Structures are given as structure tokens and as C-alpha cells.
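1. With the input below, show me the fold.
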Amino acid sequence: QLQLVESGGGSVQPGESLRLSCVASGVSLHLFGIAWFRQAPGKEREGIACSTVDSANTYHADSVKGRFTMSRDNAKNTVYLQMNNLKPEDTGVYYCAALADYYCSNYRVRTYMHDWGKGTLVTVSS
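-> So this is what the prediction gives:
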């Protein structure tokens, strides 16, 4: 059974950086596309990035494009989200989720996700 565990969250000031990690266990990561979601306080969970199995296609939402970069290392069963120039509106709980590779271009559709991590909290505040 696939398990996903996020880490790397924390409290930072605007303009700073964080790198989130999502480690998979139980099943090899190279079988799945992986998406990142976030949920701000009082808001719905939103998809922000997705990477296909071979990293040939990586998608980023407009709200994070140019600041966040998703990557994956299948040999380490780990996916990363490098977040630069963080803003207060980036505050929220960040989740990784697994989905069938061919759904990656539709990563905003939560029902395509079949496994979720429990999330890691990112707080951006001065």
C-alpha cells in the first residue's frame, strides 16, 4: 500500500525559501504521477503542481509559476517542491498526492488523486 509523507514545512518571512519533500513507501514512486496541493485557512484545497512519472511533463499553477519548482527523484522515492520568494498568500498546509500519470495535466481535479499524504504546514509572515 502506497504511503506518502510530506516534510520541510515551517515558518518563514516573505521572500524566503523552503523545500518540501514527499517520500513514498510501500510502492515504488515511478509508477505514479505526483501532484502538490495546498489548503489555505478557510479555503478549499487547490492543486499547484504535478509531475509525470518520467518528469517529461511538469505542470505549475499560474499562482506559483516562476517561484515554485517541482522535481522528483524516483531512485529515492522522493518528490520535491522548491518554493522561492514566498508570499503570505502561500501560507497553508501542503499535501502531496498520487495519481495516474495520464491525469497529471488535470492535476486540479482532486477526484483523480488516489492517495494523499497528511500534509506539512507552511507559514509565511513578517
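2. State the helix or strand in which the most centrally placed residue in the chain lies.
-> Taking Cα atoms, centre = their mean, the centroid of the chain lies closest to Trp36, which sits 2.3 Å from it. Secondary-structure assignment from DSSP states H and E places Trp36 in strand 33-39.
3. And that strand, what does it pack against?
-> strand 18-25, strand 46-51, strand 78-83, strand 92-99 (3 or more Cβ pairs under 8 Å, 6 or more residues apart in numbering; DSSP states H and E). The way it works is simple: take the backbone N, C-alpha and C, and place the C-beta from them, glycine included.
4. what are the pairing partners of it, and which direction each?
-> Strand partners for strand 33-39, identified by DSSP bridges, are recorded as strand 46-51 (antiparallel), strand 92-99 (antiparallel).
5. Next, the buried residues of the first one.
-> When neighbours are counted by 16 or more other Cβ atoms under 10 Å, the buried residues of strand 46-51 are found to be Gly47, Ile48, Ala49, Cys50, Ser51.
6. What is the nearest of those residues to Ser105?
-> Nearest to Ser105 among the buried residues of strand 46-51, counting by Cβ to Cβ, is Cys50 at 7.5 Å.
7. Give the closest residue to the closest one in space, chain neighbours not counted.
-> Tyr107 (3.5 Å; Cβ to Cβ, 6 or more residues apart in numbering).
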